[in-house]
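[1] Provided below for reference: sequence and predicted model.
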Amino acid sequence: MNSIGIIGGNGGMGRLFSSVFSRAGYEVSVSGRNTRLSNRDLAESCEIVMVSVPIRATVSVIDEIVPLMKPEQVLCDLTSVKTMPVQAMLKSKASVIGFHPMFGPNLPGIRGQNIVATPARCPEEILSVFTSIFASEGAQVTIMTPEEHDRVVAVVQGLVHFATLAVADAVRTSGTDFEKILSVMSPVYRIEMGLIGRILGQSPDLYGDILRMNPEVMPVLNGFSDSVERLRESVASPDEKEFQAFFNGNRECFNEYIPLATRDTDALIEALVNLT
């Protein structure tokens, strides 16, 4: 294989992966708004067709090209949700792989980043082509089924984004002067608050789609609501043992992760100190 067509190739993620495949020696074609080539052109001419469009548009774009794809081609996507897009791609005759880059497009490359691959109808030799390209750029590839991906990502993205946005709303509605909040934040709190600023600096459509279009997110959020209520009750209780039980129960669960988390955040704190 030496040609790849990226639908949505002029978007941020499309441009990033265009560079990755160009450096791997592939002839890269793109389609999108205001491009000479259409989605149909790419489906009819490229050995690999990669769909890199917003989550809400992914299945409809796949449906558009499915009838054009041949058994000797590969159809893949870069969407943050995997079960529905992979099911749509399996209606084609092509080999099918779902990919989810676990990072945003505003990066110089993919070194040090994680990519989830969900091969659904894909010979091992084709999968190894992609994993070798991504590994040569310094990325780590994790293999999952589409269903397992959606369950895990409902926690990694859905829960974390939801909790971060909930904290943002609670800060806003507390009425506390934000300048005063910033004035007392030491580096460790800047790290936590920085996630709020990072998310709110991006598109609400992106985060809305990640939360609303993964069917595994709502059960996780229902569990989160229960956790918040248990924590609130333990804080309000006059019996300090209730909070200790809540805290220690979670510390036991995260025990093996604590050393890595401490090392990582110590490094971030030191980096922030050196920036000031």
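    Everything's here; your move.
[2] Quick one: mean pLDDT for stretch 182-189?
    Stretch 182-189 shows a mean pLDDT of 92.
[3] Please enumerate the strands of this structure.
    3-7, 27-31, 48-51, 74-77, 95-101, 114-121, 140-143 (DSSP state E).
[4] Just send these back as a markdown table, with mean neighbour count and mean pLDDT too.
    All C-beta atoms are positioned from the backbone trio N, CA, C, and that covers glycine. As requested, the strands of the chain are exported to a markdown table (neighbours: other C-beta atoms under 10 Å; pLDDT from 0 to 100):
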| stretch | mean neighbour count | mean pLDDT |
| --- | --- | --- |
| strand 3-7 | 25 | 97 |
| strand 27-31 | 20 | 97 |
| strand 48-51 | 27 | 98 |
| strand 74-77 | 28 | 98 |
| strand 95-101 | 24 | 97 |
| strand 114-121 | 20 | 96 |
| strand 140-143 | 14 | 97 |
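[5] and Gly158, which of these is closest to it?
    Of all the strands of the chain, strand 95-101 sits nearest to Gly158, with 12.9 Å by C-beta to C-beta.
[6] For that closest one, C-alpha coordinates in CSV please.
    In CSV, the C-alpha atoms belonging to strand 95-101 read as follows (Å, rounded to 0.1, in the frame of the first residue of the first chain):
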residue,chain,number,x,y,z
SER,A,95,-10.8,-4.3,5.5
VAL,A,96,-11.9,-2.2,8.5
ILE,A,97,-10.0,-0.7,11.4
GLY,A,98,-11.1,2.0,13.8
PHE,A,99,-8.5,4.3,15.3
HIS,A,100,-8.9,6.8,18.2
PRO,A,101,-5.9,9.2,18.7
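[7] what's the angle between that strand and strand 114-121?
    160 degrees (axes from the mean of the first three to the mean of the last three C-alpha atoms, to 10 degrees).
[8] partner strands of strand 95-101, parallel or antiparallel?
    Under the criterion DSSP bridges, strand 95-101 sits next to strand 74-77 (parallel), strand 114-121 (antiparallel) in its sheet.
[9] And those strands: which comes nearest Ala261?
    Judging the strands paired with strand 95-101 by C-beta to C-beta, what sits closest to Ala261 is strand 114-121, at 16.8 Å.
[10] what's next to that closest one, contact-wise?
    By C-beta atoms under 8 Å, 6 or more residues apart in numbering, the residues outside strand 114-121 that reach it are 82, 86, 89-90, 95-103, 127, 130-131, 134, 139-146, 149, 153.
[11] got it, and stretch 264-274?
    So stretch 264-274 is contacted by 187-188, 190-191 (C-beta under 8 Å, 6+ apart).
[12] follow-up on the earlier one: so which of the strands paired with strand 95-101 is nearest Leu68?
    With C-beta to C-beta, the closest approach to Leu68 among those belongs to strand 74-77: 9.9 Å.
[13] rewinding a little: buried among the contacts of stretch 264-274? Make that a ChimeraX selection.
    A single ChimeraX command selects the buried members of those (16 or more other C-beta atoms under 10 Å):
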select :187,190,191
